[in-house]
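J.: Show me how the following folds:
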Amino acid sequence: MGGKGFFDKVYGVEGADETRALYDDWADSYEDDVAEQGYATPMRLARALAAQSHDLSRPILDFGCGTGLSGGALVQAGFTAIDGADLSSEMLARAREKEIYRDLRVIEADGPLPFAPGDYAAVAAIGVIGSGAAPIAVFDRIMDTLGPGCLFGFSFNDHTLAEPEYEARVTAALDGGQAKLLVSEYGDHLPGLNMKSRIYVLEKK
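T.: Residues are numbered from 1 along each chain as shown. A predicted model of the protein is given here:
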């Protein structure tokens with residue numbers, strides 16, 4: 001299956017098993033396929049997180065790190081202590097080759113999150129939560145686990161923004177005093193597919 005085939009399938013997968021299987025199969029060509037479409041969200045979000053961080057040497061978790069594209073963007077933005085976690089062991093094998101992560105681990109969709117409050121100064125979920133990816137419940141689980149003052153950077157692409165429940169859950173967290181909004185910016189996601197995304201950086205209260 002070529003890159004176009006994976007893009008056609010990704011927004012229709014349902015459940016963790018289908019998602020894991022798709023990304024396992026896509027691992028070999030994923031980086032070339034998204035690069036061909038000008039994948040811009042990782043660098044946009046990495047720079048936004050770096051601009052809001054007080055110390056780039058403090059640990060950050062790349063949640064749903066895939067092949068390590070997002071980790072590479074975090075390195076370029078100045079972060080120096082990066083751990084990664086993902087559902088797909090095949091994607092993690094590609095990430096491990098980059099030698100940019102302190103630690104990489106496979107996680108289960110319904111298993112415990114790979115961190116506890118205070119473990120990380122920031123958690124990045126770049127292109128992770130949304131249509132064809134992790135459900136909005138993952139946003140809730142991460143928010144509930146973050147320690148006070150921790151940053152949470154994430155993105156919603158156009159497919160996800162078209163489903164009101166995602167932005168509504170973010171608004172509820174802000175209105176409920178769970179977090180403070182530091183960044184909300186709409187811009188390029190996959191320009192080759194004429195798709196944009198909104199990036200967010202929240203600070204847990």
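
J.: ok, now which ones touch Thr19?
T.: Contact analysis of Thr19 by CB atoms under 8 Å, 6 or more residues apart in numbering lists Val13, Leu87, Ala109, Gly132, Ala133, Ala134. For glycine as for every other residue, the C-beta is placed from the backbone atoms N, C-alpha and C.

J.: Are we agreed that it is in a helix?
T.: Yes - residue state for Thr19 (DSSP: H, G, I helix; E, B strand; the rest coil) corresponds to a helix.

J.: Please report how far it lies from Asp86.
T.: When CB to CB, to the nearest Å is applied, the distance between Thr19 and Asp86 equals 11 Å.

J.: that older thread, quick one: mark the members of the contacts of Thr19 that sit in strands.
T.: Using DSSP state E, no member of the contacts of Thr19 falls in strands.

J.: Flag whichever of the residues you listed scores worst on pLDDT.
T.: When it comes to pLDDT, Val13 is the least confident member of these, at 67.

J.: Would you confirm that Pro191 contacts Gln37?
T.: Yes - with the criterion set as CB atoms under 8 Å, Pro191 and Gln37 qualify as a contacting pair; they are 6.8 Å apart.

J.: Extract the residue ranges of the protein that are flagged as low pLDDT.
T.: Applying pLDDT under 70 to the chain flags the ranges 1-15, 23.

J.: tell me which strands and helices the helix or strand hosting Thr171 is in contact with?
T.: Element membership for Thr171 (DSSP states H and E) is helix 164-175. For helix 164-175, the contact count by 3 or more CB pairs under 8 Å, 6 or more residues apart in numbering; DSSP states H and E identifies helix 136-145, strand 179-190, strand 195-204 as packing neighbours.
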